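with the sequence up front, the predicted model follows.
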Amino acid sequence: MVQRISKGDRVKISGKVSRVWPNGLVSLYPDGLDYPITVRPEDIDEVLPKERPPKEKPVGGRRKPIYDEQD
């Protein structure tokens, strides 16, 4: 069901941050748009950190066993 939107309503827009300016302004690419927009940081309600892939464990880094082998 589509919600009815009226003049004066507030909306949230998600996008990828492209640059943080020295004066504090933030440029971001909204989803579905080919060019960035610049907003003030106080206009941003929620920031999600960048998703990072899990680190892979090295395969060949096995250690010797702790116990001594019996003869």
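Nice, thanks for sending it over. This structure is a prediction, so every number in the text was calculated from the model and none was measured. Numbers count the residues shown, from 1 in each chain.

I'd like to know how many residues surround residue 40.
Residues contacting residue 40 under the criterion other C-beta atoms under 10 Å number 10. All C-beta spots, glycine's among them, are computed from the backbone N, C-alpha and C.

show me the contacts for the closest residue to it other than its chain neighbours.
Nearest non-adjacent residue to residue 40, counting by C-beta to C-beta, 6 or more residues apart in numbering: residue 25, 6.3 Å away. Neighbouring residues of residue 25 by C-beta atoms under 8 Å, 6 or more residues apart in numbering: 38, 39, 40, 41.

and the pLDDT at residue 25?
Residue 25 carries a pLDDT score of 92 in this model.

ok, residue 45 next?
Per the predicted model, pLDDT is 82 at residue 45.

repeat for residue 64
68.

cool, and residue 71?
pLDDT, residue 71: 63.

likewise residue 12?
Looking at residue 12, its pLDDT is 82.

follow-up on the earlier one: name the member of the contacts of residue 25 that has the highest neighbour count.
residue 39 (14 neighbours).

quick one, what contacts the residue nearest to it when sequence neighbours are not counted?
Nearest non-adjacent residue to residue 39, counting by C-beta to C-beta, 6+ apart: residue 26, 5.7 Å away. By C-beta under 8 Å, 6+ apart, residue 26 lies in contact with 17, 19, 20, 38, 39, 40, 41, 44.

between these, which sits nearest residue 53?
Distance to residue 53 across these (C-beta to C-beta) is lowest for residue 17, with 18.9 Å.

residues contacting the nearest residue to the closest one once chain neighbours are set aside?
In space, and not counting its chain neighbours, residue 17 is closest to residue 28: 4.9 Å by C-beta to C-beta, 6+ apart. The neighbours of residue 28, taking C-beta under 8 Å, 6+ apart as the test, are 15, 16, 17, 18, 36, 37, 39.
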